[in-house]
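1. take a look and give me a structure for this.
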Amino acid sequence: MDFSKINWKQLAVQAGIPLLILIILCFLPFYGWAYGVTLFTYFLLYVVLTVSWVIFSGTTGYISLATAVFYGVGIYAAAILANHMPLIIVVFIGGIACFIIAFIVGAITLRLKGIYFAMFTFGLVLLVNQIILWIEIDFNHRVERFLTPVSNEKIYYYLLGIAVVTLIAAYFIRRSKYGLALQSIGENEEAAAHMGINVTMVKILTFAVSAIFMGAAGVIMATRLTVIDPDGAFNALMSFNPALMAIFGGMGNFIGPILGAVIFSYIQEVLSTANWFNISWGDFYKIIFGVILVATILFLPNGLMGLIQNIWRRITGARRALTRG
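-> The predicted structure follows:
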């Protein structure tokens, strides 16, 4: 490698900023800001779910609404196992279980395209919800399961670790030969197949890998819920929110989904507890989310990050013109 060709200044910025943010997040619980730990826990949760969604759907163009399935499987893995074994082992078991389920589901469904794949994955959420409910009522004679509470700081650090692993995995997948294959599939699937890419297997493996992180996040969040039931574990909003956050932030790079996840999870947190003008805004935040999504699709096709990049190009372009003049 010719080190003289490396832009060390650019490399320092690209590596230094994420490292600085990570250091700040590592020390956040030591600041004595209890609400901040809870708030950033939800930020990290949605970053994991949104980036995991983008790993598959953002590159291939296949809109998956199965996030709630894998998240819920993780929750139930914790509900069954967390009281009997270390949490870190349950995280691995939940991730592996989601990988296997996603691999099987992908093998069956990823020959479907467009709206048919989206409809099937959403139907899967409802199906698994009803199957778990039936098993709990008819065989276990109960609907709810209970978990021993875990401290907010422990939940925060687990999710921070999962978020870091998710981002690293997404980074290397995008820059690997599989990332190039996924981009080819997203641009023209038939052309990718003619180039010798095993289109079906690439899609199945990527779909399964993305499910690992969703399931791991579900395991950790189950310890925060403490009371587990099928409707709460397989909440359909957990399928729609990551997709909405990714579209709002923009899927051209990893900053967009992270930005969308943080902004939308903060809006959700504020509106769910707001009582402005004697109105409970928690009843309206879903409508507001829908309006923002429609506006984003109409006016910001590349998301918020695309808008920021366009503004930056105009500013730098104007500076160059002034310099030349």
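
2. correct me, but residue 173 touches residue 213?
-> No - the criterion here is C-beta atoms under 8 Å, and residue 173 misses it with residue 213 at 11.5 Å. All C-beta atoms are positioned from the backbone trio N, CA, C, and that covers glycine.

3. of those two, which one has the most company?
-> Neighbour comparison, residue 173 and residue 213: the larger count goes to residue 213, with 27 against 18 (by other C-beta atoms under 10 Å).

4. please tell me how far that one sits from residue 136.
-> 26 Å (C-beta to C-beta, to the nearest Å).

5. contacts for the helix or strand containing residue 247, please.
-> In this structure, residue 247 sits in helix 237-249 according to DSSP states H and E. Here helix 237-249 makes contact (C-beta atoms under 8 Å, 6 or more residues apart in numbering) with 46, 49-50, 52-54, 57-58, 63, 65-69, 71-72, 121-122, 125, 255-261, 263-265, 268, 286, 289, 292-293, 296-297, 300, 303-305.

6. what about these, which are in helices?
-> Within those, residues falling in helices by DSSP state H are 46, 49-50, 52-53, 67-69, 71-72, 121-122, 125, 255-261, 263-265, 268, 286, 289, 292-293, 296-297, 303-305.

7. not counting sequence-adjacent ones, nearest residue to residue 103?
-> Nearest non-adjacent residue to residue 103, counting by C-beta to C-beta, 6 or more residues apart in numbering: residue 208, 4.2 Å away.

8. so how many other residues sit close to the one you found?
-> Residue 208 sits with 21 neighbouring residues when counted by other C-beta under 10 Å.

9. who are the contact partners of it?
-> Applying C-beta under 8 Å, 6+ apart, we find residue 208 in contact with 99-100, 102-103, 106.

10. what does residue 93 give?
-> Here residue 93 is in contact with 77, 81 (C-beta under 8 Å, 6+ apart).

11. what average pLDDT does the strand or helix carrying it get?
-> Element membership for residue 93, per DSSP H and E: helix 87-109. For helix 87-109, mean pLDDT is 95.

12. got it, and stretch 172-190?
-> Stretch 172-190 carries an average pLDDT of 88.

13. please renumber so the chain begins at 23
-> Renumbered: residue one is now 23, and that last one reads stretch 194-212.

14. what's the neighbour count on residue 204?
-> The tally of other residues near residue 204 (other C-beta under 10 Å) stands at 25.

15. among the contacts of residue 230, which ones are buried?
-> Taking 16 or more other C-beta atoms under 10 Å as the criterion, what is buried in the contacts of residue 230 is 121, 124-125, 128.

16. ok, so of those, who is nearest residue 207?
-> residue 128 (13.2 Å; C-beta to C-beta).
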